[in-house]
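Peer 1: can't give you the sequence, but here's the structure:
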Ligand SMILES: [Cu+2]
């Protein structure tokens, strides 16, 4: 069970995805990680919204996970 107070939100800007199957690949990957509460890819804007627990996973690990499935992401300034 996740304590909501520990969840932070971050927006990643992603490059290289061009069809809806990319979206589900990235979402499935991120949602499988310990410390990720939810991940949602905004296909039209190329952004990935992630709710994560900083105590359990770092932004770098989120970016690396996206890279593992073949896409480049970096934190967007909000
Ligand atoms: Cu695709």
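Peer 2: Here it is on my side, so go on. Everything numeric in this text was worked out from a predicted model, so none of it was measured.
Peer 1: check contacts around residue 41.
Peer 2: 14, 17, 22-23, 26-27, 47-49 (CB atoms under 8 Å, 6 or more residues apart in numbering). Where C-beta positions appear, they are placed from N, C-alpha and C, glycine not excepted.
Peer 1: Who does the host helix or strand of it pair with, and is each partner parallel or antiparallel?
Peer 2: Applying DSSP states H and E as the criterion places residue 41 in strand 36-42. Applying DSSP bridges to the sheet, strand 36-42 is found paired with strand 47-52 (antiparallel).
Peer 1: Now do the helix or strand encompassing residue 60 against strand 36-42: the angle between them, please.
Peer 2: When elements are assigned from DSSP H and E, residue 60 belongs to helix 59-68. Taking axes from the mean of the first three to the mean of the last three CA atoms, to 10 degrees, one finds that helix 59-68 is oriented at 50 degrees with respect to strand 36-42.
Peer 1: By residue count, what's the longest helix in the chain?
Peer 2: helix 20-31 (DSSP state H).
Peer 1: List the buried residues for that helix?
Peer 2: Using 16 or more other CB atoms under 10 Å as the test for burial, helix 20-31 gives 22-23, 25-27, 29-30.
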